[in-house]
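**Q** Test case, fold it:
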Amino acid sequence: MTAYATTMSADSVFSLGVYFDSAAIDALGDEEVAIPLTFPSETTGGDALNLHQFTFLRFNYLPEGHWPEGVYDVPHLDTQFFMLDQSTVEGIEERPATYSIPEAQMPEDHIRPPVVDTNDDGEPDTPIVEAGRGEPIADPSSSEHQEDGEFTHTCIYGASDPDSDGRGQISLIEPMITVDFADQLDTVVDTELKTPEEYFAAGEYPTSYLLQPGEDGGFFVSLTDFESFPGPSM
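**A** Have a look, this model is predicted:
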């Protein structure tokens, strides 16, 4: 597996991604796999790369999937593009997500699913921060959440409160693809992301993700079509 960046000019990143060659895919078995990968820091010509807010990538293989049951509990690959340094991500502990997230920084149509019962009334009322990852933020209108829908590929966001100041931020963009869909991928799949109006810092952020078959039986997963977004308005 190789993390990569493509550029349109000397230091302007067009896409960030990972390539899974056929040997890596064939090596997947019954055990979970989590591997951090480092993006290149400079072009082949030696110019420094501006990776925007992105710091590193982590690949997760989940042979039994994960929650919610009936949605993501099938064998799949998570490709996690983080906007926090690796030590900060590794220090994230599981806990209730009691911080707020500015409305303008929530991706369109996405919600913070309450899964924790903090007041012992028998009903979940608060989102959860997952250890070493952050708070999952999903789009309930996505096909995999519909009664007759199916999870083949999708993208969710992740949030965290790295400063512990009670104000959360989007810190992760995570395309997910099932093993079955990856095995059958034979054409480019270009999917537009539902984005927030603003991010925790002004800069360029992706507006789509791309799945693309490789020549050796592998495939690419990348974030593409970077556009400028403003920082916090409040």
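**Q** Point out where this protein drops to low pLDDT.
**A** 10-11 (pLDDT under 70).
**Q** any chance you could map the strands in it?
**A** 2-7, 13-20, 33-37, 56-62, 76-82, 95-96, 128-129, 135-137, 153-160, 169-178, 189-192, 203-213, 219-229 (DSSP state E).
**Q** what does the second one rub up against?
**A** By C-beta atoms under 8 Å, 6 or more residues apart in numbering, the residues outside strand 13-20 that reach it are 1-8, 37, 39, 49-52, 54, 57, 59, 77, 79, 81, 182, 204, 206, 210, 214, 218-224, 226. C-beta coordinates here come from the backbone N, C-alpha and C atoms, glycine included.
**Q** beta partners of the residue most central in space within the chain?
**A** Closest residue to the average C-alpha location of the chain: Glu174 at 1.3 Å, with C-alpha atoms, centre = their mean. For Glu174, the beta-bridge partners are Ile156 (DSSP bridges).
**Q** now it: how far from Ser41?
**A** Taken as C-beta to C-beta, to the nearest Å, the spacing of Glu174 relative to Ser41 amounts to 22 Å.
**Q** How about Gly132?
**A** 24 Å.
**Q** same question, Tyr19
**A** 18 Å.
**Q** And for Asp109?
**A** Taking C-beta to C-beta, one finds Asp109 at 35 Å from Ser41.
**Q** give me every residue that touches Phe220.
**A** With C-beta under 8 Å, 6+ apart, Phe220 has these contacts: 17-20, 210-214.
**Q** Swap in 7 Å and give it another go.
**A** Contacts for Phe220 (C-beta atoms under 7 Å, 6 or more residues apart in numbering) come out as 17, 19, 210, 212, 214.
**Q** what's stretch 182-200 in contact with?
**A** Here stretch 182-200 has contacts from 77, 104-110, 139, 153, 155, 169-170, 205-213, 219, 229-233, using C-beta under 7 Å, 6+ apart.
**Q** what about Tyr19 and Ser41, which has more around it?
**A** Tyr19 (17 against 9; other C-beta atoms under 10 Å).
**Q** Any idea what that one is bridged to?
**A** Where Tyr19 sits in a bridge, its partners, by DSSP bridges, are Thr2, Phe220.
**Q** Same question for Thr224.
**A** Applying DSSP bridges, one finds that Thr224 bridges with Ser15, Ser208.
**Q** Distance of it relative to Val188?
**A** With C-beta to C-beta as the criterion, Thr224 and Val188 are 11 Å apart.
**Q** quick one: which of these two has more around it?
**A** Neighbour comparison, Thr224 and Val188: the larger count goes to Thr224, with 18 against 10 (by other C-beta under 10 Å).
**Q** residues in contact with that one?
**A** Applying C-beta under 7 Å, 6+ apart, the residues near Thr224 are 14-15, 206, 208-210.
**Q** Asp21 now?
**A** 216, 218.
**Q** how much space is there between it and Thr88?
**A** Relative to Thr88, and taking C-beta to C-beta, Asp21 is found at 30 Å.
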